[in-house]
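>>> Could you look at this predicted model? Sequence included:
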Amino acid sequence: MTMRNLILPFILLLTFVFSCRENDIDEGLEKNINSVNLYIAGAENNEACYWKNGQKVILQNGSGLYAHQIIAENNNIYVFGSMTSEYTLNLPSKHHYLWKNGIRYNLDEYLEDVPNPGPNSNFGINSKMIVENGNIYFSGYITIYNSSSTLSTTSYYSWKNGIKTLISNDNNITVPTSYDLINNEIYFSIRKNDQYNPLTWETGFFKNNVYLSIDNNSDIKSYHSDNTGIYALIKNVFTNQQYLKNIHTNTILQLPTNPPGEILNVIWEGNDKYYIGTNFYYKNNTLVQINDPNGYNRISKFHVKNQQIYMIRYKEVINFGDLAKVFINNIEVQNQTITPISASDVEGLLSIYVD
């Protein structure tokens, strides 16, 4: 089924309802949507897979795995996945996989100098892949235990096309929280210098390997940039206060006031700023509440391209789990019935990307 067939009811509805002037606008909307490829990644029947414009592709050696991120760039398709059986386990050395154009790589072999997990060492990988200009980025840590004592050393790295770069080996770092790539520079967020009675810590980030402190008792969730600078999305862990802070000028950019729930994601595209919650989002300061008559109200993934909004949304079904649908501008384009897989918390449709 082609993308055109998937969204035909949407286009017909627009054509029937709106005026001639609005129809001219809708023709541009149809052109924008039909000119892209829509990718959805996840798992079905305990196999990692993705759908391109509704057509399913089973990933090579994907049995017992799930795909949680997909990116398409310059006719290449990158998928990041993990083992289904480890989804709910708190393991420092989970098994992760990269597919590039269908060829699978084990990350513990693809990434330089990752140790074999065991009593003397372990490693952890941030569950986010970045692809830019054909380069693939991961980040994580490696811990080495001293066999003659209880001491250990942990070093933090980024990997570009599998080649590692040291970010820091500061043992005062306690929690890495996020990382992003902006203007070809890695921003790696951390907590450090934990103190007790009262509990407090320093919040900061490494820009490449240079450290900057930015706040206290908080986590940096993500980074966003526009023509005024680069901003960190910060959440105070104790007060739950959230705000955007310019990392160079310390200027505070407030999120929409009195949202109906927590802002979980931020996307800036061009001059538009989107702030996304569980069942709502803001486009700039305009609130859009999700109220689907069939109950698909929980936003899982949110993507914007050319001012068109693409979403995966879930509906909870008692004693079954979650059902998933894909929407473009609030119009359903893909309804995928997913067989529950062995780790029940793994959703069926997990990532969305538009190329």
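Thanks, I have the structure now.
>>> Can you get me a residue count around Tyr179?
Neighbour count for Tyr179, taken as other C-beta atoms under 10 Å: 25. Bear in mind the C-beta positions are built from the backbone N, C-alpha and C, glycine included.
>>> which helices and strands does the helix or strand where it lies pack with?
Element membership of Tyr179 [criterion: DSSP states H and E] is strand 173-182. Where contact means 3 or more C-beta pairs under 8 Å, 6 or more residues apart in numbering; DSSP states H and E, strand 173-182 is packed against strand 130-132, strand 135-145, strand 152-160, strand 185-195, strand 218-226.
>>> Adjacent strands (with direction) for the first one?
Based on DSSP bridges, the strands next to strand 130-132 in the sheet, each with its direction, are strand 135-145 (antiparallel).
>>> Using PDB, write out every CA atom in the partner strand.
Extracted C-alpha coordinates of strand 135-145, given in PDB (Å, rounded to 0.1, in the frame of the first residue of the first chain):
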ATOM      1  CA  ASN A 135      27.800   9.700  10.400                       C
ATOM      2  CA  ILE A 136      26.400   7.500  13.200                       C
ATOM      3  CA  TYR A 137      26.800   8.600  16.800                       C
ATOM      4  CA  PHE A 138      26.300   6.700  20.100                       C
ATOM      5  CA  SER A 139      27.200   7.600  23.700                       C
ATOM      6  CA  GLY A 140      27.700   5.600  26.800                       C
ATOM      7  CA  TYR A 141      30.100   4.600  29.600                       C
ATOM      8  CA  ILE A 142      32.700   1.800  30.400                       C
ATOM      9  CA  THR A 143      33.300   0.800  34.000                       C
ATOM     10  CA  ILE A 144      36.500  -1.100  35.000                       C
ATOM     11  CA  TYR A 145      36.700  -2.800  38.400                       C
END
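>>> re earlier: the strand holding Tyr179 pairs with which strands?
Applying DSSP bridges, one finds strand 173-182 paired with strand 185-195 (antiparallel).
>>> buried set for the partner strand?
Residues of strand 185-195 classed as buried: Ile186, Tyr187, Phe188, Ser189, Ile190, Arg191, Lys192 (neighbour count, 16 or more other C-beta atoms under 10 Å).
>>> Which positions in stretch 316-333 come out as buried?
Gly321, Asp322, Leu323, Ala324, Lys325, Val326, Phe327, Ile328, Glu332, Val333.
>>> what's the answer for stretch 297-314, then?
Neighbour count says stretch 297-314 has 297-304, 309-314 buried, by 16+ other C-beta under 10 Å.
>>> quick one on the thing from earlier: just the closest of the buried residues of strand 185-195 to Gly277, please.
Gly277 has its nearest neighbour among those in Ser189, at 21.5 Å by C-beta to C-beta.
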